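Enquirer: quick one, fold the following:
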Amino acid sequence: MKRIFCVVATVIAVSLTPFSLNGQIDMGIIGGISTADIPSGKILIHKHGLDTLSVFASDAKYGIHFGVFVRAQLLGVYIEPSIIFNSNSIDYAVQDLRDDQLFTELRKESYQQLTIPIIFGIKTGILRIGTGPVGHIFIDSSSELLQISGYQQRFDDLQWGWQGVLGLDLWKLRFDLRYEGRFSKHGGHFEFFGEKYQFSSNPNRLIASVGLTF
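Expert: Residues are numbered from 1 along each chain as shown. So this is what the prediction gives:
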């Protein structure tokens with residue numbers, strides 16, 4: 001974990017250096033809500049070659065986030081790294097075929113991450129447009145799926161994705177609408193009976209934020 005933070009801090013520092021010498025630097029706080037796409041398809045888990053578990057994504061809850069940002073601007077071009085705490089949850093429908101009978105239960109899984117986007121963009125007037133990479137550092141998770149025999153979580157410490165941003169700056173207030181995509185498949189942390197599983201689609205989020213610049 002320390003190595004990850006050192007790498008991220010170095011990338012942010014190197015990125016800001018050209019702007020900090022001649023440009024304007026602002027700092028602030030940001031927070032808001034997000035909603036995730038429900039992954040398509042289902043995961044089939046075979047137990048001992050006999051019974052079968054099926055896992056569907058049933059409902060993605062609204063997530064919350066808050067954090068800090070730094071924006072450096074020079075001649076209408078800007079770079080904006082942020083450190084954002086995210087909390088999200090999703091409900092899974094688990095179908096268990098036992099003795100030719102089908103049992104269905106809802107299981108909730110929640111997780112917390114540090115999201116570190118580094119956005120490059122242009123600003124004209126009150127309008128901002130940008131895009132850039134984003135890293136997700138796993139912090140913690142709680143899951144009712146752990147009540148299922150044979151289930152374990154195997155979250156990666158760091159995952160990568162991208163964000164596209166459309167923003168407005170009004171005095172010291174800022175309003176952002178972001179679309180986020182991941183490079184990894186949804187459910188890559190699932191492990192049943194020693195085997196890893198994942199859905200066929202990549203997770204995406206729509207993020208709405210309000211911020212205050214100091």
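
Enquirer: which residues in this structure form helices?
Expert: 2-22 (DSSP state H).

Enquirer: in the chain, which spans are strands?
Expert: Taking DSSP state E as the criterion, the chain contains strands spanning 24-36, 42-47, 51-60, 63-74, 77-98, 101-124, 127-143, 151-153, 158-170, 173-182, 190-192, 195-197, 204-213.

Enquirer: can I get those strands in CSV including mean pLDDT and mean neighbour count?
Expert: Where C-beta positions appear, they are placed from N, C-alpha and C, glycine not excepted. What follows is the strands of the chain, written out as CSV (pLDDT from 0 to 100; neighbours: other C-beta atoms under 10 Å):
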stretch, mean pLDDT, mean neighbour count
strand 24-36, 92, 15
strand 42-47, 72, 16
strand 51-60, 78, 17
strand 63-74, 92, 18
strand 77-98, 88, 18
strand 101-124, 89, 16
strand 127-143, 93, 17
strand 151-153, 83, 16
strand 158-170, 94, 16
strand 173-182, 96, 17
strand 190-192, 82, 19
strand 195-197, 80, 13
strand 204-213, 95, 17
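
Enquirer: state the distance from residue 189 to residue 182.
Expert: 12 Å (C-beta to C-beta, to the nearest Å).

Enquirer: what's the answer for residue 157, then?
Expert: 15 Å.

Enquirer: just the CA trace of stretch 81-99, in PDB.
Expert: In PDB, the C-alpha atoms belonging to stretch 81-99 read as follows (Å, rounded to 0.1, in the frame of the first residue of the first chain):
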ATOM      1  CA  PRO A  81      -5.500  15.600  -9.500                       C
ATOM      2  CA  SER A  82      -7.900  14.600  -6.700                       C
ATOM      3  CA  ILE A  83      -8.000  12.200  -3.800                       C
ATOM      4  CA  ILE A  84     -11.600  11.100  -3.300                       C
ATOM      5  CA  PHE A  85     -13.100   8.600  -0.700                       C
ATOM      6  CA  ASN A  86     -15.800   6.500  -2.200                       C
ATOM      7  CA  SER A  87     -18.500   4.300  -0.600                       C
ATOM      8  CA  ASN A  88     -20.700   2.100  -2.900                       C
ATOM      9  CA  SER A  89     -22.900  -0.900  -2.500                       C
ATOM     10  CA  ILE A  90     -24.700  -3.400  -4.800                       C
ATOM     11  CA  ASP A  91     -27.300  -6.100  -4.300                       C
ATOM     12  CA  TYR A  92     -26.800  -9.600  -5.800                       C
ATOM     13  CA  ALA A  93     -29.500 -12.100  -6.400                       C
ATOM     14  CA  VAL A  94     -28.100 -15.600  -5.600                       C
ATOM     15  CA  GLN A  95     -29.900 -18.600  -6.900                       C
ATOM     16  CA  ASP A  96     -29.000 -21.900  -5.300                       C
ATOM     17  CA  LEU A  97     -30.100 -25.200  -7.000                       C
ATOM     18  CA  ARG A  98     -30.400 -27.800  -4.200                       C
ATOM     19  CA  ASP A  99     -32.100 -31.200  -4.600                       C
END
